[in-house]
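In: Quick one: sequence plus predicted model below, questions after.
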Amino acid sequence: MNKFNSTIALVSFFCCNTLVIAQSDTNNVVTKEDKPASIHIFQAGDSLFLLSKKYDVSIENLKIWNGIKNVTRIANGRTIYLTNNKEKKSVSKPKNTLTLKEKAEAALTSKKYRLAITLLTKLYQKGNEKERQFALEFLGLSRDKKGQKAFAKQAYQSFLKEYPKALTAPRVQLRLDNLIGIETLSKNRKLSQGKKNKQRKKPSYFRGSVSSDYRQSALVNDLGESRDTLSLANVDVNAKGNIQRDSYNIGFQVSMGHYQDLLPESDKTNEQIRYLNVSAKSDDKLYQVTFGRQRSRDKGVFGRFDGIVLSSEVIDDIKLNVVAGYPVASSKITRIDTERQFYGVSVDIDNSWKDIDFSLFVFDQSIGNITDRRAIGGKLSYFQDSTSLYSLIDYDIFFNELNALLFSGSYTTELSQRLSWSLNYRKSPYVGTRNALIGQSVDSFTELQNLFITDEEILDLALDRTLTSKTASFQFYQPINESFDINASLTWMNLSDAPESGGVPAISKSGGQYYANINLSGKNLYSGRDVNRFGFRYSSLASSNVYSLYVSSRYRLENGLSLMPKLRFDDRSNDNGTSQQSISPTLRLQYQSKKHYLYTDVGGIFYTSKSTLIPSQQTSIYYVYLGYRYYF
């Protein structure tokens, strides 16, 4: 019966969708009496050539009807008439005489849906009853076109509530049914994901890349003396794959590289293994196992480790996880380091209540017979429509210390404004007995035990070397129009001090540090293929203040080529009376296709240091980066 109902819903959805598409095509051009568009609001990226092609009007007629003498100097926002306005003495109707509804119609006609949303919202707030009815219907359509399904649904429902007997009410109801049909089908698919024999099998695949990079830099002091500071070559391999079988699939992940220092006085070389694991998963997703080098940000594990993760969906939407293995301090460690061992158990609960997912964990890590870390905690996430929230807590029950408490989220308004925030309390690094190695001359915990009399001394030393970091950040995004948007952020950070102990010097607390950043982004400013950014940053640090300006651009040439110049200026004033200024120009030329990615960076950093005790000093750094990546 459920299968029959799903089939009926699917058929109804496609029938409604076909009818709505047919009607939407006729409604995209919104002018009086459904006639072809008679005006166009000129926007960034427009040209008379593009308008002539779009509306099938000659460029010469457009120039005559609008009194245009210079086609390269048409102001954004100007009304362009697409027909001969014989009834007017002047063909160029002033912008300020264009009604709000006409502007909204022109934005819809030009498919400038973000601009249309802004204009229709104002029209709904300030217009007469007929204009409000028009605004509410096409506000829903504009939001639907922009992918804002929840807001579109709300607009359609408001229209049907306010104007149930309007002539266009059946059309609005059909659009609403279409949206509800999409949501229903999506929910049905989501509900069926955990059911046997209803899973869509993931096809077998194999993909990855091989890349090679070379980086070189040289430093020139104010005497003109030069020396190489970097000459590094590397080769990286990244690959993922999946093999599908009748009732399960097997996957793998590989990411590793070789790095060679080519400086004359150095012969350093190292290999890195970032990921090297294999996984198996049943098609019904009831069982899953991953074995090898992997990375995790939950289940009590924060970072890279060599080990195994076993997962089983014990009941619908509740998954039990068991993890065990050895932490990996650095990807440069290519062997399995068994000095520390851990195990943990966690439970993931999805869709527990009103789009809330959360998980709980218990975690234990030891060094031999000494506890390194023993913690409990969990995370919670919420997402619905325009709001998302995320929270995490980690508490060490061995040291009785709070390791982490995070609360972050974002909210998007109906006008596409976005506010994001994050409040973060964190031990740096997480409390652990192995922190006692920080600043010591030995590399292993066994060697450290030989330096101190008791394990209690080592535990006290570990706490001394653990700092507390507190961070609060806020970010605001504001779209201005189809071409411009602005982004601003403010961050506060405080890092605690650490006492002198075990032969390691004390660390002074940072005090409150502030970072303020604002940048303006614009696209299609001088062509149809450019993206540009201009920004300002202010940093108030423990012993200095830094002002920064930066500007960048990306211009897409033909055949996959891109040109990306960047320029940055920094001015640092230190509390001791010294100061530094630097300017950093960079130019990147890159080529990208489906199989190939090639880039070269050429740039420099030019420093000027000033002091009351010594003359000004100038230092220059020149660098060149080359790289190639092949995708398979």
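Out: Here it is on my side, so go on.
In: which residues in the stretch 151-300 of the chain form helices?
Out: 169-192 (DSSP state H, counting those that start in this stretch).
In: Quick one: the strands in it, in order.
Out: With DSSP state E, counting those that start in this stretch as the criterion, the stretch 151-300 of the chain has strands at 205-220, 226-244, 248-261, 269-282, 287-296.
In: what residue ranges in the stretch 151-300 of the chain score low on pLDDT?
Out: Along the stretch 151-300 of the chain, the parts satisfying pLDDT under 70 run over 181-202.
In: quick revisit: right, and the strands of the stretch 151-300 of the chain - which one's nearest residue 498?
Out: Comparison of the strands of the stretch 151-300 of the chain against residue 498 by C-beta to C-beta identifies strand 287-296 as nearest, at 28.1 Å. Quick note: C-beta positions are derived from backbone N, CA and C, even for glycine.
In: What residues sit buried inside that closest one?
Out: By neighbour count on 16 or more other C-beta atoms under 10 Å, the buried set for strand 287-296 is 288, 290, 292-296.
In: Could you point out which of those is nearest to residue 79?
Out: Lowest distance from residue 79 to the buried residues of strand 287-296 (C-beta to C-beta) belongs to residue 295, with 55.5 Å.
In: SS state for the closest residue to that closest one other than its chain neighbours?
Out: Of all residues not flanking residue 295 in the chain, residue 304 sits nearest, at 4.9 Å (C-beta to C-beta, 6 or more residues apart in numbering). Here residue 304 is strand, with the state taken from DSSP: H, G, I helix; E, B strand; the rest coil.
In: Now do the same for residue 304: its pLDDT.
Out: Here, the pLDDT recorded for residue 304 equals 95.
In: now what about stretch 122-129, what contacts it?
Out: For stretch 122-129, contacts defined as C-beta atoms under 8 Å, 6 or more residues apart in numbering pick out 100-101, 104, 131-132, 134-136, 139.
In: Quick one: closest of the strands of the stretch 151-300 of the chain to residue 178.
Out: The nearest among the strands of the stretch 151-300 of the chain, by C-beta to C-beta, is strand 205-220 at 33.1 Å.
In: so what strands line up beside that closest one?
Out: If you go by DSSP bridges, strand 205-220 pairs up with strand 226-244 (antiparallel), strand 617-631 (antiparallel).
In: buried sites along that strand?
Out: So strand 205-220, judged by 16+ other C-beta under 10 Å, has buried residues 211, 213-220.
In: now stretch 120-134
Out: Buried, per 16+ other C-beta under 10 Å, within stretch 120-134: 120-121, 123-124, 127, 131-134.
In: Return the member of those nearest to residue 172.
Out: Taking those together and measuring to residue 172 by C-beta to C-beta, the closest member is residue 133, at 10.0 Å.
In: quick revisit: return the member of the buried residues of stretch 120-134 nearest to residue 418.
Out: Residue 418 has its nearest neighbour among the buried residues of stretch 120-134 in residue 121, at 16.8 Å by C-beta to C-beta.
In: Regarding the closest one, what is its secondary structure?
Out: Of the three states, residue 121 takes helix according to three-state DSSP.
In: wait, doesn't it sit right on residue 414?
Out: Yes - counting by C-beta atoms under 8 Å, residue 121 does reach residue 414; the two are 7.1 Å apart.
In: burial count for residue 488?
Out: Per other C-beta atoms under 10 Å, the neighbour tally for residue 488 reads 16.
In: Just give the nearest non-adjacent residue to it, would you?
Out: With C-beta to C-beta, 6+ apart, the residue lying closest to residue 488 is residue 518, at 4.4 Å.
In: Look up how far residue 567 lies from the one you found.
Out: With the distance defined as C-beta to C-beta, to the nearest Å, residue 518 ends up 17 Å from residue 567.
In: Give the buried residues for stretch 598-610.
Out: Applying 16+ other C-beta under 10 Å to stretch 598-610 flags 598-599, 601, 603-605, 607-609 as buried.
In: could those residues go into CSV alongside distance to residue 320?
Out: Below are these laid out as CSV (distance: C-beta to C-beta, whole Å):
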residue, distance to residue 320
598, 47
599, 45
601, 48
603, 52
604, 55
605, 52
607, 56
608, 61
609, 59
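In: Just to be sure, which of these are found in helices?
Out: Among these, the subset assigned to helices under DSSP state H is empty.
In: between the residues you listed, which is closest to residue 379?
Out: The closest of these, once distances to residue 379 are taken by C-beta to C-beta, is residue 599, at 37.2 Å.
In: show me the contacts for the residue nearest to residue 295.
Out: Shown in contact with residue 304 (C-beta under 8 Å, 6+ apart): 274, 293-295, 327-328, 331.
In: Just flag the most distant two among those residues.
Out: Using C-beta to C-beta, the contacts of residue 304 span at most 14.6 Å, a distance reached by 274 and 327.
In: Counting neighbours, go ahead and name the busier of these two.
Out: The residue with more neighbours, out of residue 274 and residue 327, is residue 327; 21 against 17, by other C-beta under 10 Å.
In: Just read off the phi/psi values of that one.
Out: With angles defined as degrees, to the nearest 10, residue 327 sits at phi -60, psi 150.
In: Quick check: it vs residue 370, distance?
Out: Counting by C-beta to C-beta, the separation of residue 327 from residue 370 is 15 Å.
In: returning to that earlier point: with the contacts of residue 304 in mind, which one is nearest to residue 459?
Out: Of all those, residue 459 sits closest to residue 327, with 18.6 Å by C-beta to C-beta.
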